[in-house]
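**Q** This is a predicted model, with the sequence first.
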Number of protein chains: 2
Amino acid sequence: MPKYMHIANVLRNQIMSGEYVANQQLPLEKEFCEVFSVSKMTVKKALDILVSEGLIIKRRGYGTFVKDLTQVEIQRLMMSRQFIGTSALYTKSEVRSKVINFTVDAAPADIAEHLNIEEGSFVYNIYRVRIVDGEPLAIEQTYMPIDVIPGLKIENVQGSIYEYIEVKLNSAIQSAHRKIRVRKATDFEANELGLELGDPVGIVEQTGYLNTGELFEYSFSIHKYDSFQIEFVLTRE
Amino acid sequence: MPKYMHIANVLRNQIMSGEYVANQQLPLEKEFCEVFSVSKMTVKKALDILVSEGLIIKRRGYGTFVKDLTQVEIQRLMMSRQFIGTSALYTKSEVRSKVINFTVDAAPADIAEHLNIEEGSFVYNIYRVRIVDGEPLAIEQTYMPIDVIPGLKIENVQGSIYEYIEVKLNSAIQSAHRKIRVRKATDFEANELGLELGDPVGIVEQTGYLNTGELFEYSFSIHKYDSFQIEFVLTRE
DNA sequence: AAGTGGTCTAGACCACATT
DNA sequence: ATGTGGTCTAGACCACTTC
């Protein structure tokens, strides 16, 4: 593990455990250099990670301070930081899947465009109901090119597709682009999720990239309104 | 402007103008060093900005590549990158405000907790209907401590509060924490937004921080479902 | 004036991916 | 074997904030 990541981990744990409290000034960069026996650039890189996570604030000419957050907010931030998958939207609970469809199809025009592949290329067409703590909370439609994610089996689809990609395929997921929308549930969605017709649902549209730069996933999920929540941090510069 | 920012701007423009196209390999870091007459660390920092914006992907031992994005996606990304304010959710259009309430109140317990101030401290209580292209699209309730944002006038509330803070007050907004939820519109909300009772609305709950680390804003906005969309990029590491 | 974090360098060495 | 990006250093200088 790089030194800067180790330092970021140590300080993150100290903030999460309350060793540094809200609004408290942290030791100076110069002091951290001595404590960890590293150069200034390395300390700065570690602190910048915590800034981007929303935990601390740095002020030139003044110092570095823990952000004005409650312990609950800090815990929430750290949970939503960990993962990228759709199942990660329901952090604390166990997520199962009822597989409604798992086929390989020729990609229709709109899907091909989202995945940036030729129309008619073969893609997995995966349709799942996501069940959290025994309750159906989301419907998820996923498309993945078969040549980017080879060898996907029904067992993987029933569990975590992301785990298959990272562990079995030894590929790494690099990033994801997300769009959040809101609309009324269709008849079908209402039925699957135990809602009334016209009840609200949250829509998450996602395209996922491997660290090879390849587009590996286009997914579209519909979430029951009363258990849906997404959190994130925006930072300037 | 720092060199790394200048370099990031130049390359961002080249990607946005199509000078570098999807999946194309960029020049090597070493080559950028010569082109811009800077050191390797400076080039790396510039490229890392574009990675975090979701425009490019770097692969150790291989090279740096433009992400597999359509021109439309690139334009969208760049729009949502610019601002942090609630009005920035409606990027391309003109946003006006109908001010329903603008008072200074003693903060009730729940608001005081969100702003991390003493219960009973004075806060602006601002209630606005946000009107985009002549149509009411969102209701926004904002609380700000008066001693953090002194001198706020009705004119500022009718326009952009963020502009008042940045230009007139010469403070800088550093970051914001956001939660997105979905629920049914209340009677009042439906009336203000021209919806049926029970229609879906998107909820954005936001706490804003100045670069001093001070919590300056707690806001809560309710958005008409058919014109609501939020986009963001998640990156690993 | 003193002290903070921010930028930048020139070069060393490392981890990883291709050929 | 070669070449890529990743990490790290020691130190210089700059921009900003407070006292």
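**A** Everything's here; your move.

**Q** so the residue nearest to residue A:226 when sequence neighbours are not counted bridges to which residues?
**A** Of all residues not flanking residue A:226 in the chain, residue B:183 sits nearest, at 7.2 Å (CB to CB, 6 or more residues apart in numbering or on different chains). C-beta here means a position set from N, CA and C on the backbone, and glycine is covered the same way. Beta-bridge partners for residue B:183, by DSSP bridges, are residue B:201.

**Q** Do I have it right that residue B:183 meets residue A:199?
**A** No - using CB atoms under 8 Å, residue B:183 makes no contact with residue A:199, being 9.8 Å away.

**Q** DNA strand C contacts on chain A?
**A** By CB under 7 Å from any atom of the strand, the residues of chain A that approach DNA strand C are A:26, A:28-30, A:40-41, A:44, A:47, A:58-64.

**Q** Quick one, which of these are buried?
**A** Taking 16 or more other CB atoms under 10 Å in any protein chain shown as the criterion, what is buried in the residues of chain A next to DNA strand C is A:26, A:29, A:47, A:58, A:64.

**Q** Doesn't the third one belong to a strand?
**A** Translated: residue A:47. No - if the criterion is DSSP: H, G, I helix; E, B strand; the rest coil, then residue A:47 is helix and not within a strand.

**Q** ok, residue A:178 - how many residues close by?
**A** Residues contacting residue A:178 under the criterion other CB atoms under 10 Å in any protein chain shown number 19.

**Q** same check, this time on the one 5 residues further on
**A** The criterion is other CB under 10 Å. On that basis, residue A:183 has 19 neighbouring residues.

**Q** quick one: contacts for it?
**A** By CB atoms under 8 Å, 6 or more residues apart in numbering or on different chains, the contact set of residue A:183 is A:200, A:201, A:203, B:200, B:225, B:226.

**Q** so what sits against both of residue B:183 and residue A:199?
**A** Counting by CB under 8 Å, 6+ apart, the contacts common to residue B:183 and residue A:199 are A:225, B:200.

**Q** Which of the three states applies to the closest residue to residue A:214 other than its chain neighbours?
**A** By the measure of CB to CB, 6+ apart, the closest residue to residue A:214 outside its immediate chain neighbours is residue A:148, 5.3 Å from it. Using three-state DSSP, the structure places residue A:148 in coil.

**Q** Quick check: residue A:148 vs DNA strand D, distance?
**A** Plainly put, residue A:148 is 21 Å away from DNA strand D if you go by CB to the nearest atom of the strand, to the nearest Å.

**Q** Quick check: that residue touching residue A:208?
**A** No - Residue A:148 lies out of contact with residue A:208 (CB under 8 Å); the separation is 10.2 Å.

**Q** which helices and strands sit right next to the host helix or strand of residue A:112?
**A** Assessed by DSSP states H and E, residue A:112 sits inside helix A:109-115. If you count contacts as 3 or more CB pairs under 8 Å, 6 or more residues apart in numbering or on different chains; DSSP states H and E, helix A:109-115 packs onto strand A:135-145, strand A:215-224.

**Q** Could you dump the ones you listed into a markdown table with mean pLDDT and mean neighbour count added?
**A** Shown next, in a markdown table, are the helices and strands packed on helix A:109-115 (pLDDT from 0 to 100; neighbours: other CB atoms under 10 Å in any protein chain shown):
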| stretch | mean pLDDT | mean neighbour count |
| --- | --- | --- |
| strand A:135-145 | 91 | 20 |
| strand A:215-224 | 92 | 23 |
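
**Q** all helices of chain A, in order?
**A** If DSSP state H is used as the criterion, the helices of chain A fall at A:3-16, A:29-36, A:40-52, A:71-82, A:109-115, A:154-158, A:161-163, A:187-193.

**Q** between those, which one is nearest to residue B:73?
**A** Among the helices of chain A, helix A:109-115 comes nearest to residue B:73, with 9.6 Å by CB to CB.

**Q** Show me what counts as buried in the closest one.
**A** Buried, per 16+ other CB under 10 Å, within helix A:109-115: A:111, A:112, A:114, A:115.

**Q** Poorly predicted segments of chain A, please.
**A** Applying pLDDT under 70 to chain A flags residues A:80-94, A:168, A:170, A:237.

**Q** Might you name the residue of it sitting closest to chain B?
**A** Nearest residue of chain A to chain B: residue A:200, at 3.2 Å (CB to the nearest CB).

**Q** Perfect, I'm done here.
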